[in-house]
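Participant: below are the sequence and a predicted model; questions follow.
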Amino acid sequence: MHANVKTIVTFMQPAMDRLYRIAEPQAGYVTTAQAAEVGVSRQELYYLSRTGELRHVAYGIQRLARFPSSPHEDIVVACLWAGDEAVASYETAFVVYGIGEAMPATIHITTPNRFRGRRPGVRVHHEAIDPDERAHFEGVPVTAPVRTIADVARQSPSDARAALRDALDRRLIRRGQLHTAAVKYPHARAVLGVTS
């Protein structure tokens with residue numbers, strides 16, 4: 001390594017440490033805004049990119065070059081692109097959890113924010129998400145399993161039922177949660193198997 005580059009990398013190590021703390025639960029990704037929140041400037045991001053420590057992925061999104069890859073990186077990037085409150089949802093959340101049989105051609109993201117961006121292959125849903133409806137699974141921000149099943153139940157009850165069976169088998173959902181879920185999501189009562 002050239003002496004000047006080595007000096008820059010050593011100087012940038014505190015910045016990398018701060019970025020790692022953000023990127024680690026996000027499958028190795030960090031946004032420019034998140035970097036700024038922990039005091040890492042655009043200039044520092046530029047130097048880290050030049051030295052190969054960061055890889056530019058999309059506008060405002062970088063990846064730690066040495067971070068291990070994960071199977072749902074495209075979903076993580078879509079969530080980061082849509083903002084801090086965005087989560088993978090609908091059939092995309094089924095893929096993240098490994099439940100159901102749906103194989104969506106589109107990444108579904110839900111955000112409560114007034115996000116107007118467009119990205120090929122991504123569908124953004126604008127809906128409220130309660131704190132108990134959010135989860136983090138294998139580095140992906142995602143709707144909680146019960147919320148996911150309730151969302152899909154609106155358009156495809158059979159897909160929702162298949163996913164519910166898998167979620168119960170994998171213990172992502174406990175049977176005791178179903179009555180509470182039926183009260184919160186009355187449209188999904190039949191899918192959840194709750195009759196009264």
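Facilitator: Nice, thanks for sending it over.
Participant: where does this protein have low pLDDT?
Facilitator: Low-confidence segments of the chain (pLDDT under 70): 1-12, 195-196.
Participant: the domain parsing of it - what is it?
Facilitator: Domain assignment for the chain by automatic domain parsing gives 3-64, 73-192.
Participant: mind putting those into TSV with mean neighbour count?
Facilitator: Backbone N, C-alpha and C define where each C-beta goes, glycine included. Listed next are the domains of the chain as TSV, based on neighbours: other CB atoms under 10 Å:
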stretch	mean neighbour count
domain 3-64	16
domain 73-192	18
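Participant: show me the contacts for Arg174.
Facilitator: For Arg174, the contact set (CB atoms under 8 Å, 6 or more residues apart in numbering) comprises Leu168.
Participant: same question for the one 4 residues further on.
Facilitator: Residues in contact with Leu178 (CB under 8 Å, 6+ apart) are 192-194.
Participant: element containing it, please.
Facilitator: Leu178 is part of helix 177-184 when elements are defined by DSSP states H and E.
Participant: CA atoms only: put that helix into PDB for me.
Facilitator: The C-alpha coordinates for helix 177-184 follow below in PDB (Å, rounded to 0.1, in the frame of the first residue of the first chain):
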ATOM      1  CA  GLN A 177     -50.900 -14.100  19.100                       C
ATOM      2  CA  LEU A 178     -53.700 -14.900  16.600                       C
ATOM      3  CA  HIS A 179     -56.700 -13.700  18.700                       C
ATOM      4  CA  THR A 180     -55.000 -10.300  19.300                       C
ATOM      5  CA  ALA A 181     -54.100 -10.100  15.700                       C
ATOM      6  CA  ALA A 182     -57.700 -10.800  14.600                       C
ATOM      7  CA  VAL A 183     -58.800  -7.900  16.700                       C
ATOM      8  CA  LYS A 184     -56.200  -5.600  15.200                       C
END
